[in-house]
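In: sequence and predicted structure, then a few things I'm wondering about:
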Amino acid sequence: MAEKRPKILKVENLSKNFGGVQALRGVSLNLRAGEILGLIGPNGAGKTTLINIVSGVVREDAGTIFFEEHLLNELSPWQRAALGLARTFQHIQIFAGLTVLENVMCGAHRLRKTGFWETFLRLPRAVAEEDECRRQALSILSELGLADKANLPAENLPYGEQKKVVIARALASRPRAILLDEPAGGLNEKETEELGEIILRLREKGLAILLVEHDLNLVMRICERVVVLNQGEVIAEGPPCEIQNDPRVLEAYLGK
Ligand SMILES: Nc1ncnc2c1ncn2[C@@H]1O[C@H](COP(=O)(O)OP(=O)(O)OP(=O)(O)O)[C@@H](O)[C@H]1O
């Protein structure tokens, strides 16, 4: 059934060299609409490099990236975001000094149609747009169980909740696909379980999710398909039950 869904993100033959370190060697993968695709691999396998290239933060040496019908290679990170491709970073990037709600509202920036003067002068269209943006942000926060924290300074929240704020901010741009870079890093077991439920709910709403994650239990539990990278190469791809028993994967993780 998953195979019938259209490919929303197509990465073909991606390569990247950092001063002699071959971080990616001809990597290809597809993310289908509404699926959770796990991207795993030992430290240094090239996972973050792939996310960085797809989101436009790092430039590839070779290869192509399509998001729906758009070739992304020449587009800036914000142009890619404007097409509906969101990401989160491995290390939390909370805007200190802003509330939780304001942090999330920042993510909706690309959707705003009113300009500086309309906003500055608080003209009716700008006020209506800001109200709508606040309503949407609150609705995302309540889905993530953070509605009661909306008006607190974001930097005062515990680490696990700050990670949710970062996801909420990415969702505020109303993406069709999201790249999550180690969302469970630093979370305890209960928080990780909750995160898994959140990701599953996002998938139910039709979002395509590329999940880069070291927590293999989480990956095996929620992903429909898993791609395994090792030393910049795809060494296995398939459903979690196959990946778990693949000798190349066991060797990459455990050594011979
Ligand atoms: N900006 C950079 N400059 C030089 N080398 C880099 C740079 N970014 C990544 N690398 C190297 O590229 C390789 C792949 O790194 P990358 O961070 O993509 O791996 P990863 O699979 O995300 O690892 P981890 O799971 O530890 O986060 C590593 O050898 C890393 O040291």
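Out: Received, thanks.

In: read off the pLDDT value for R122.
Out: With respect to pLDDT, R122 scores 69.

In: any figure for the gap between C241 and R225?
Out: Distance, C241 to R225, by C-beta to C-beta, to the nearest Å: 11 Å. No exception for glycine: its C-beta is placed from N, CA and C like everyone else's.

In: before we move on, what about E129?
Out: Counting by C-beta to C-beta, the gap from E129 to R225 is 39 Å.

In: and the two? Which one has more around it.
Out: Comparing E129 with R225 by neighbour count (other C-beta atoms under 10 Å), the higher total belongs to R225, at 21 against 18.

In: tell me which helix or strand the closest residue to the more buried one other than its chain neighbours sits in.
Out: In space, and not counting its chain neighbours, R225 is closest to L37: 5.3 Å by C-beta to C-beta, 6 or more residues apart in numbering. Counting by DSSP states H and E, the element that carries L37 is strand 36-40.

In: same check on A184?
Out: Going by DSSP H and E, A184 is not in any helix or strand.

In: now the longest helix along the chain - C-alpha only, PDB.
Out: Counting by DSSP state H, the longest helix found in the chain is helix 124-143. The C-alpha coordinates for helix 124-143 follow below in PDB (Å, rounded to 0.1, in the frame of the first residue of the first chain):
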ATOM      1  CA  PRO A 124      -7.000  45.300   9.900                       C
ATOM      2  CA  ARG A 125      -5.600  42.800   7.400                       C
ATOM      3  CA  ALA A 126      -2.400  42.400   9.400                       C
ATOM      4  CA  VAL A 127      -4.200  42.100  12.700                       C
ATOM      5  CA  ALA A 128      -6.500  39.400  11.200                       C
ATOM      6  CA  GLU A 129      -3.500  37.600   9.800                       C
ATOM      7  CA  GLU A 130      -1.700  37.700  13.200                       C
ATOM      8  CA  ASP A 131      -4.800  36.400  15.000                       C
ATOM      9  CA  GLU A 132      -5.000  33.500  12.600                       C
ATOM     10  CA  CYS A 133      -1.400  32.700  13.000                       C
ATOM     11  CA  ARG A 134      -1.800  32.700  16.800                       C
ATOM     12  CA  ARG A 135      -4.800  30.400  16.500                       C
ATOM     13  CA  GLN A 136      -2.900  28.000  14.400                       C
ATOM     14  CA  ALA A 137       0.200  28.100  16.600                       C
ATOM     15  CA  LEU A 138      -2.000  27.400  19.700                       C
ATOM     16  CA  SER A 139      -3.700  24.500  17.900                       C
ATOM     17  CA  ILE A 140      -0.300  22.900  17.100                       C
ATOM     18  CA  LEU A 141       0.800  23.500  20.700                       C
ATOM     19  CA  SER A 142      -2.300  21.800  22.000                       C
ATOM     20  CA  GLU A 143      -1.700  18.800  19.700                       C
END
